[in-house]
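Give me a model of this one.
(one chain, ligands or ions: 2)
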Amino acid sequence: MATSVTTPKLTTTFYKRLPITVPLSSHFLSLQNTLTPFSHNCCSLLYFQCQRRHVAARAKSDNGAELPSHYDFDLFTVGAGSGGVRASRFAANFGASVAICELPFSTISSETTGGVGGTCVLRGCVPKKLLVYASKFSHEFDESNGFGWKYGTEPQHDWSTLIANKNAELQRLTGIYKNILINAGITLIEGRGKIVDPHTVDVDGKLYSARHILISVGGRPFIPDIPGSEYAIDSDAALDLPSKPEKIAIVGGGYIALEFAGIFSGLTSEIRDFVAERMSLRGIEFHTEESPQAILKSTDGSLSVKTNKGTVDGFSHVMFATGRRPNTKNLGLEKVGVKMTKNGAIEVDEYSGTAVPSIWAVGDVTDRINLTPVALMEGGALAKTLFQAEPTKPDYSAVPSAVFSQPPIGQVGLSEEQAIQEYGDIDVFTANFRPLKATLSGLPDRIFMKLVLCAKTNKVLGLHMCGEDAPEIVQGFAVAVKAGLTKADFDATVGVHPTAAEEFVTLRTPTRKIRKSPPSEGMTGPEVKAAAGV
Ligand SMILES: Cc1cc2nc3c(=O)[nH]c(=O)nc-3n(C[C@H](O)[C@H](O)[C@H](O)COP(=O)(O)OP(=O)(O)OC[C@H]3O[C@@H](n4cnc5c(N)ncnc54)[C@H](O)[C@@H]3O)c2cc1C
Ligand SMILES: NC(=O)c1ccc[n+]([C@@H]2O[C@H](COP(=O)([O-])OP(=O)(O)OC[C@H]3O[C@@H](n4cnc5c(N)ncnc54)[C@H](O)[C@@H]3O)[C@@H](O)[C@H]2O)c1
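Residues are numbered from 1 along each chain as shown. Ligands and ions are numbered 1, 2, ... in the order given. Below is the predicted model:
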């Protein structure tokens, strides 16, 4: 059902931005300076735009009159998650007429359910972080004893209050997202979109034509097809369980497994993780190289997990966090010629263009970096490319990220291994310390930090942290890493005291120097050993 139908008129200012109509305007010249591949030659920009139809949605006749568009919309977006909403809103702001379709709301996603806001808002970042907040209290209660706090009774947690409050917040947020779209003059259509031809989308039997179509349908959790997989839950269900799991098996060792292990551990569920990699986090037992082969249900309703190493009994829940798959099934993409990877992700060029010139794709459905801020960047860049005559590539350098495990992990830039690969000679500074809070809490908490530098230029290539507040701290330092600052810039920065973050500007001695080139004269002892890879 359409909740708003508005087609904003394109303004004169908008037309002035088009290089095709005003190629030598000062605006165009300034644009040229920001476009890497086209910086020196406006002809290549024009050629590029003609090839990929990157020119804005409506054309202008030779005498300057607006030519009527024979499409219903300049842009039709399928999927109102992070990427789709951002691209649509920016496109509408640039003067395009935009429609967006989205499945009806549900906390659990399916072929027929979704909701405006998408995964991040309804089944990802936001509800996950709310549950992380809920679960962190148990550690904070433990910490508080050393600071003099005493509790008459053991604090109790009420799962149903948490889930009800979380769901009320999701309703509020999906409403806000709808309003954002409607207030931007975008036509919001509830239903499942399917591509009919390069310029037509079918939403539950009704056809809409558009000059450009954007596919931003995201992805859904993937549970391997093993016997008993119908007893397993995924992250959608784990965020909306009717009761707290007593004992939960978590399969996987990626973002979601680590975050949910922290959530359920903090909320005092018993956790058992089945994971391929070796790892250890506070209070959580991780088992290595154990991949479930079957899930069995006993007569008492409890679940057993059969692995390559034996069978573990007595679970109330088994959660799979084994990755996600793009939502490209039954979307009509193959029929119109959109190319896909064997994983089902849409193949796109650097401007998010698919193999079909009028069809574009952003976000998780393209399986580039599957994070909300990246989907937002891709959506914003596409809107500029299509409707502001400003071909814009998303920039994937120094994308920061965090795992909201407990303790959390944050990183930006290159890992040590990537830096060696790319730069050869690197210096690594580390700090591993007991935070001030732990001195009174008496808990065994630690903080670990790492800076990876290019040995030749002193530039900070990577910054990593595991410990309290790592995501907040890394977000701040990400600006410095993105800007290409050096260790000298870090050293010249005064710290904020007493904080953990100040360690990043007071690291004095390298922990190791890794050299691919022969060791230089003057290098001694451990440095030479590190340089030789000993
Ligand atoms: C548990 C979890 C936690 C996460 N935590 C974080 C985090 O902390 N930080 C972070 O950066 N990222 C996080 N992510 C990843 C983040 O949620 C995604 O990268 C982001 O939502 C991708 O946005 P998108 O627009 O590509 O897709 P989505 O947000 O998935 O939006 C796609 C939308 O398309 C709709 N749709 C699908 N098919 C159709 C159709 N045929 N017709 C109409 N509509 C359709 C869907 O219903 C959905 O609303 C998390 C993900 C999960 C699962
Ligand atoms: N904080 C964040 O930014 C955040 C949080 C959650 C999710 N995400 C995004 O969502 C994506 C999906 O998350 P995810 O954790 O599901 O995927 P993931 O790709 O991060 O991790 C999947 C894990 O499952 C393991 N695995 C796969 N098959 C297995 C099997 N049969 N048995 C045992 N282990 C198996 C893999 O080895 C891997 O450790 C992430 O890659 C990320 O892009 C981001």
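
got the residues of the stretch 101-250 of the chain near ligand 2?
Residues of the stretch 101-250 of the chain lying close to ligand 2 by CB under 6 Å from any ligand atom are residue 224. C-beta coordinates here come from the backbone N, C-alpha and C atoms, glycine included.

same deal with the stretch 301-450 of the chain?
Counting by CB under 6 Å from any ligand atom, the stretch 301-450 of the chain sits next to ligand 2 at 321, 322, 323, 324, 370, 371, 401, 402, 403, 404.

what's near enough to touch the nearest residue to residue 320 once chain neighbours are set aside?
Excluding the flanking residues, the one nearest residue 320 by CB to CB, 6 or more residues apart in numbering is residue 223, at 4.4 Å. With contact set as CB atoms under 8 Å, 6 or more residues apart in numbering, residue 223 has these partners: 229, 232, 234, 320, 322.

For whichever residue of the stretch 201-350 of the chain sits closest to ligand 2, give its distance to ligand 1.
Relative to ligand 2, the nearest point of the stretch 201-350 of the chain is residue 254 (1.9 Å; CB to the nearest ligand atom). Distance from residue 254 to ligand 1, counting by CB to the nearest ligand atom, to the nearest Å: 10 Å.

Quick one: residues contacting that residue.
321, 322, 323.

Need the nearest residue in space to the last one, chain neighbours excluded.
To tie it back to what came earlier, the one meant is residue 323. That would be residue 222: by CB to CB, 6+ apart, it lies 5.3 Å from residue 323.

hang on, the earlier thing: for the residues of the stretch 301-450 of the chain next to ligand 2, give me a markdown table that also has secondary structure, neighbour count and pLDDT.
Listed next are these as a markdown table, based on DSSP: H, G, I helix; E, B strand; the rest coil; neighbours: other CB atoms under 10 Å; pLDDT from 0 to 100:
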| residue | secondary structure | neighbour count | pLDDT |
| --- | --- | --- | --- |
| 321 | coil | 25 | 96 |
| 322 | coil | 22 | 93 |
| 323 | coil | 16 | 95 |
| 324 | strand | 21 | 97 |
| 370 | coil | 19 | 98 |
| 371 | coil | 20 | 98 |
| 401 | strand | 16 | 98 |
| 402 | strand | 20 | 98 |
| 403 | strand | 21 | 98 |
| 404 | coil | 23 | 98 |
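
Which members of those residues are the farthest-apart pair?
Farthest-apart pair in those is 322 and 402; separation 20.7 Å (CB to CB).

any weak-confidence spans in this structure?
1-69, 276-289, 518-534 (pLDDT under 70).

Tell me which residue lies nearest the centroid of it.
Computing the C-alpha centroid of the chain and ranking residues by CA atoms, centre = their mean puts residue 371 first, at 0.8 Å.

Do I have it right that that one meets residue 399?
Yes - contact criterion CB atoms under 8 Å: residue 371 and residue 399 qualify, at 7.1 Å.

Residue 134 touches residue 155, doesn't it?
No - using CB under 8 Å as the test, residue 134 is too far from residue 155 to be in contact (11.9 Å).

Filter the contacts of residue 223 down to the buried ones, PyMOL style.
To isolate the buried ones among the contacts of residue 223 in PyMOL, judged by 16 or more other CB atoms under 10 Å, type:
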select buried, resi 232+234+320+322
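
Now render the contacts of residue 223 as a markdown table, adding distance to ligand 1 and secondary structure.
Listed next are the contacts of residue 223 as a markdown table, based on distance: CB to the nearest ligand atom, whole Å; DSSP: H, G, I helix; E, B strand; the rest coil:
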| residue | distance to ligand 1 | secondary structure |
| --- | --- | --- |
| 229 | 18 | helix |
| 232 | 15 | coil |
| 234 | 9 | coil |
| 320 | 12 | strand |
| 322 | 12 | coil |
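
Tell me how far residue 384 lies from residue 347.
22 Å (CB to CB, to the nearest Å).

Neighbour count for those two, which is higher?
More crowded of residue 384 and residue 347, by other CB atoms under 10 Å: residue 384, with 18 against 14.
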